[in-house]
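S.K.: Build me a model:
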Amino acid sequence: MTTSTATLTLNKKKNVKEVAERKPIPWGRIILKGLPFLLVAFLFYSFSSSSYLNIKEIRWNGLKRVDAADLNRQFQAILGQNLIRLSISDLHDTLITNRWIKEAVVRKIFPNRLEVIVTERIPAAVELDPSSHRMLIRDAEGIILEEGDANHLPHVIYYNPNIYAKAMELAPLLVNRKDALIDLSRSDNLSVRLKKGVIHMGDRDFKKRWERFANVESDLDRRKIAPWEADLRFPSQVVAKTKHKVAANNEKVATAAIEQED
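M.R.: As a prediction, this is how the structure comes out:
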């Protein structure tokens, strides 16, 4: 009993000693060290909320077909908003909903200006829609830009997204053929309709095949066998089929194979 009492007394003295040796928490020093961070955060919040950072201007670059006045009206609500808090991604996503805008880069110019660099879609072809009898202007990716015609652009019919890119490869070869109409009705064979005949180009080697046709075109004209069909899908020849009306209900069909070296 005496031993237990002595042990308890010893433990009490030890605990009292440990408590006495503990240092008090230096709250004052902690507050002093954290004060600069709190001050910086307060100043940043005050500055970022200041009317000094309210957007006063949007500058548009790269516009040719898109009207800047239309964009200013569309984004009028942005003026006066805080530049720091404005979401660039939201503005970007709204911009590219415009069918003429392919891409847009939005930059914040401090203290109160936005700069938007626009990449516009470029008209690449006119589609003749036989079902609706409309003419639709498309870009190189097939996106419809507007309804209308453009004589300087290649014309296509029976739009087919699976072979449209191939038609854009062929189109530069037809730049001087204002009567050319590219037929996309078959994915494995692009056809070019001319007033005097139809040319079957296949789906590859367009430049080589067009050069082959150019070498025999004058011969076809000399024979006066239009309208004809010229098939360029053979490796070393142009196969031409012609139809001539000889009577109201009779037709004569002639076939000529004109050999050409690749």
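
S.K.: Tell me which residues of stretch 116-125 come out buried.
M.R.: 116, 118, 120-121, 123-125 (16 or more other C-beta atoms under 10 Å). Where C-beta positions appear, they are placed from N, C-alpha and C, glycine not excepted.

S.K.: That stretch - what's its average pLDDT?
M.R.: Stretch 116-125 shows a mean pLDDT of 98 in the predicted model.

S.K.: got the end-to-end distance for that stretch?
M.R.: 28 Å (C-alpha to C-alpha, to the nearest Å).

S.K.: Could you do stretch 176-192 as well?
M.R.: 13 Å.

S.K.: go on, stretch 78-89?
M.R.: End-to-end distance for stretch 78-89, by C-alpha to C-alpha: 14 Å.

S.K.: Buried residues in it, which are they?
M.R.: Under 16+ other C-beta under 10 Å, the buried positions of stretch 78-89 are L83.

S.K.: same check, this time on stretch 68-75
M.R.: In stretch 68-75, counting by 16+ other C-beta under 10 Å, buried: 71, 75.

S.K.: Just give the nearest non-adjacent residue to L184, would you?
M.R.: Spatial nearest neighbour of L184, excluding adjacent residues (C-beta to C-beta, 6 or more residues apart in numbering): N160 at 4.0 Å.

S.K.: Could you check how far that neighbour is from A230?
M.R.: From N160 across to A230, the span is 21 Å (C-beta to C-beta, to the nearest Å).

S.K.: For these two, indicate the residue with more neighbours.
M.R.: A230 (25 against 17; other C-beta atoms under 10 Å).

S.K.: would the more buried one count as being in a strand?
M.R.: Yes. Assessed by DSSP: H, G, I helix; E, B strand; the rest coil, A230 belongs to a strand.

S.K.: In the beta-sheet assignment, what are the partners of it?
M.R.: Following DSSP bridges, A230 is listed with bridge partners I199, A240.

S.K.: surely it meets A240?
M.R.: Yes. Because the distance of 5.0 Å satisfies C-beta atoms under 8 Å, A230 is recorded as touching A240.

S.K.: shared neighbours of those two, anything?
M.R.: Both A230 and A240 are in contact with 216, 220, where contact means C-beta atoms under 8 Å, 6 or more residues apart in numbering.

S.K.: What strand or helix carries A165?
M.R.: If you go by DSSP states H and E, A165 is part of helix 164-170.

S.K.: I meant R59, not that one.
M.R.: Using DSSP H and E, R59 falls within strand 57-61.

S.K.: Least confident secondary structure element in the protein?
M.R.: Using mean pLDDT, DSSP states H and E, the weakest-scoring helix or strand in the chain turns out to be strand 250-259, at a mean of 47.

S.K.: where does Q76 fall, phi/psi-wise?
M.R.: Main-chain torsions, Q76, degrees, to the nearest 10: phi -60, psi -40.

S.K.: hang on, I meant E217
M.R.: phi -60, psi -40.

S.K.: hang on, the earlier thing: which residues are in contact with the residue nearest to L184?
M.R.: Contacts of N160 (C-beta under 8 Å, 6+ apart): 184-187.

S.K.: Does it belong to a helix, a strand or coil?
M.R.: coil.

S.K.: Could you do D219 as well?
M.R.: Applying three-state DSSP: D219 is helix.

S.K.: Just give me the neighbour total for it.
M.R.: The number of residues packed near D219 is 13, by other C-beta under 10 Å.

S.K.: ok, now which ones touch the residue most central in space within the chain?
M.R.: Closest to where the C-alpha atoms of the chain average out (C-alpha atoms, centre = their mean) is K102, at 4.2 Å. Taking C-beta under 8 Å, 6+ apart, we find K102 in contact with 96, 119-121, 139.
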